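A.B. asks: Sequence plus the predicted model coming up.
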Amino acid sequence: HVQLVESGGGSVQPGGSLRLSCVASGYTIRSGCLGWFRQTPGKEREGVAYITPADGMLYYVDSVKGRFTISRDNAKNTLDLQMVSLKPEDTAMYYCAARASRACTILPEYDYWGQGTQVTVS
């Protein structure tokens with residue numbers, strides 16, 4: 001049984017920082033793509049960043065480049081998202097996700113999802 005559990009969300013002022021973490025169980029994170037997504041009420045879930053399984057290549061959407069950093073710890077089986085210089089438009093529910101494939105995508109076409117952690121910037 002695969003389980004992804006996020007933590008680290010909260011409320012911060014604009015310009016502040018947060019670090020989100022995702023712990024995986026029942027799944028080896030280095031075996032597939034890992035991504036962070038976010039969603040606000042009434043909008044579709046959007047990809048924020050992903051990391052590839054083999055070479056650890058990083059991809060970010062333009063709106064977070066230079067401010068967010070995705071990383072993984074294979075030993076701990078965790079995925080993190082460091083967020084700095086947060087803006088009100090970053091407010092959303094953030095989800096970590098895993099895709100059992102080596103073909104990664106920023107689209108929300110992932111196999112396993114966490115329950116989400118809320119980030120509020122105001």
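C.D. replies: Everything's here; your move.
A.B. asks: contacts, neighbours, all on C-alpha from now
C.D. replies: OK.
A.B. asks: Do I have it right that G35 meets L107?
C.D. replies: No: using CA atoms under 8 Å, G35 makes no contact with L107, being 9.5 Å away.
A.B. asks: Between these two, which is the more surrounded one?
C.D. replies: Between G35 and L107, G35 has the larger neighbour count (other CA atoms under 10 Å), namely 31 against 14.
A.B. asks: For the residue nearest the centre of the chain, which non-adjacent residue is spatially closest?
C.D. replies: Closest residue to the average C-alpha location of the chain: W36 at 2.0 Å, with CA atoms, centre = their mean. Sequence neighbours aside, C96 is the residue nearest to W36 in space, at 4.5 Å (criterion: CA to CA, 6 or more residues apart in numbering).
A.B. asks: in the helix or strand where that neighbour lies, what's buried?
C.D. replies: According to DSSP states H and E, C96 maps onto strand 92-99. For strand 92-99, burial by neighbour count (16 or more other CA atoms under 10 Å) applies to A92, M93, Y94, Y95, C96, A97, A98, R99.
A.B. asks: same deal with stretch 109-116?
C.D. replies: Y110, Y112, W113, G114, G116.
A.B. asks: Between these, which sits nearest D62?
C.D. replies: Y110 (20.5 Å; CA to CA).
A.B. asks: hang on, that closest one in a helix?
C.D. replies: No: per DSSP: H, G, I helix; E, B strand; the rest coil, Y110 lies outside any helix segment and is coil.
A.B. asks: what are the ranges of the strands in the protein?
C.D. replies: For the chain, the strands defined by DSSP state E occupy 3-7, 10-12, 18-25, 33-39, 46-51, 58-60, 68-73, 78-83, 92-99, 112-113, 117-121.
A.B. asks: if we look at the shortest one, which residues are touching it?
C.D. replies: Contacts with strand 112-113, where a contact means CA atoms under 8 Å, 6 or more residues apart in numbering, come from V2, Q3, L4, Y95, C96, A97, A98, R99.
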